[in-house]
Every structure is written in structure tokens, then in C-alpha cells.
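Undergrad: make a model of this:
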Amino acid sequence: MCGNPALDFAATLRARRSVRFEMFVSPDRLDAWYLESGVVDAVSPSQDSDVEQAIGVREAVYALATNRRLGEPYDTEALTALNDAARRPPATPQLTPAGRWTAATPEQALSTVARHAVELLSGPDVPLIKECGNPECTRIYIDRSREMRRQWCGMESCGNKIKAAAYRARKRQAQPAETV
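TA: Below is the predicted model of the structure:
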């Protein structure tokens, strides 16, 4: 969706500037994200403390990606939070007769996400990092479009809404004023 698991992780708090929507409301929701994102294939049950830690790392990823996108110095607290998580042992994939399988603890899954962020923010995709053009959306994504002119995190989520609203506004302006 955003082009990198760490940016997808940062997007689990939606609409940061308006009505915030928190996805990690429980340990079960955090575990579900780890599985649905494909970061791991199995995760041992998270606790409330794992959710708190994940939210801290998520906010660090968002802050650091925003710093990098705007060409600003990194926030030192965010840098410490991300690096502390990345230093922990990551999830380790195993080869099985059925293929690759990655089982992890919540700490290992979080470390894996943090390492994705480290690789992204220190790699060649940094110039491609953008924020969605929808003022209500705060998703950060990697713009891999041909001419790097992508404006929205996704057409289905934000692009269609913005285009439809612009169309309706043009339609209203084009209607002749009714005379009495």
C-alpha cells in the first residue's frame, strides 16, 4: 500500500490532523496487523505493553520519515526509539517443506518493522518518500510512478475522493445562477 512495511506500520494511525483513527486498540489488533502485513506468518500473543511499545515505534517511524521527507534533522527521541527496536533480534524466516515460514514474538516482529524503517530511511528510496495530498490523510508513501507525480496514497482511498469533490465543485460553478 505505502510501498514499505514500515510506512504501512506508520499508517496505522490515520487522519493525524483531524479525527484520529487508531488501529492498535488492543493486542489482538497489533497481532492481526503483523500477520496481515506479511511481516510474519505467525506471532505469539501480544500484551498491552507490546502495543505501547509498537505505538512508540510507529510514531518514531512517522516522525523520522517526515523529517527525511522535509529535509529536516532527525528527531533525536524518535531516532532512539527506532534504533532501540531495531537492535533487538528480528523475526527469522525458516525454510520448510511448504516454503518460507516466519514465526515471531511481538518483540521480534517489531524489530523487523524497525529494520525495514532503517533500510528505507538510509537507502535509495528516500527521494521517493511523499505524503498524501489529501489534507485529511497523513499517509506517507513511496512514489514509484513513472514521472514521480503521484499525489495520493492511493486512488481507491484518497485519489477518487479528491477527484470526485473537485468534479462536483466544477459542476456547481458551471451551473448558471437561477434568476427569480
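Undergrad: host element of the closest residue to residue 5 other than its chain neighbours?
TA: Counting by Cβ to Cβ, 6 or more residues apart in numbering, residue 5 lies nearest to residue 116, which is 4.6 Å off, once chain neighbours are set aside. Where you see a C-beta, it was placed from the backbone N, CA and C, and this is true even at glycine. Using DSSP states H and E, the element containing residue 116 is helix 106-121.
Undergrad: quick one: mean pLDDT over that helix.
TA: In this model, helix 106-121 carries a mean pLDDT of 98.
Undergrad: helices of this protein, start to end?
TA: If DSSP state H is used as the criterion, the helices of the chain fall at 5-10, 27-37, 48-70, 76-87, 106-121, 160-174.
Undergrad: and the angle for the longest one with helix 27-37?
TA: Orientation check (axes from the mean of the first three to the mean of the last three Cα atoms, to 10 degrees): helix 48-70 against helix 27-37 gives 50 degrees.
Undergrad: packing partners of helix 48-70?
TA: Applying 3 or more Cβ pairs under 8 Å, 6 or more residues apart in numbering; DSSP states H and E, we find helix 48-70 packed against helix 5-10, strand 13-14, helix 27-37, helix 76-87, helix 106-121, strand 129-131, strand 140-142.
Undergrad: nearest to residue 173, of those?
TA: Nearest to residue 173 among these is strand 129-131; the distance by Cβ to Cβ comes to 28.2 Å.
Undergrad: gap between the two ends of stretch 86-104?
TA: Terminal residues of stretch 86-104 lie 15 Å apart, using Cα to Cα, to the nearest Å.
Undergrad: picking up where we left off before, surely the residue nearest to residue 5 touches residue 8?
TA: No: using Cβ atoms under 8 Å, residue 116 is not in contact with residue 8, being 9.2 Å away.
Undergrad: residue 48 - nearest residue in space that isn't next to it in sequence?
TA: Using Cβ to Cβ, 6+ apart, the closest residue to residue 48 is residue 27 (6.3 Å).
Undergrad: need the helices of the chain in JSON lines with mean neighbour count and distance to residue 151, can you?
TA: Below are those laid out as JSON lines (neighbours: other Cβ atoms under 10 Å; distance: least, Cβ to Cβ, whole Å):
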{"stretch": "helix 5-10", "mean neighbour count": "24", "distance to residue 151": "16"}
{"stretch": "helix 27-37", "mean neighbour count": "17", "distance to residue 151": "24"}
{"stretch": "helix 48-70", "mean neighbour count": "19", "distance to residue 151": "14"}
{"stretch": "helix 76-87", "mean neighbour count": "16", "distance to residue 151": "26"}
{"stretch": "helix 106-121", "mean neighbour count": "22", "distance to residue 151": "21"}
{"stretch": "helix 160-174", "mean neighbour count": "11", "distance to residue 151": "8"}
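Undergrad: right, I'll call it a day here.
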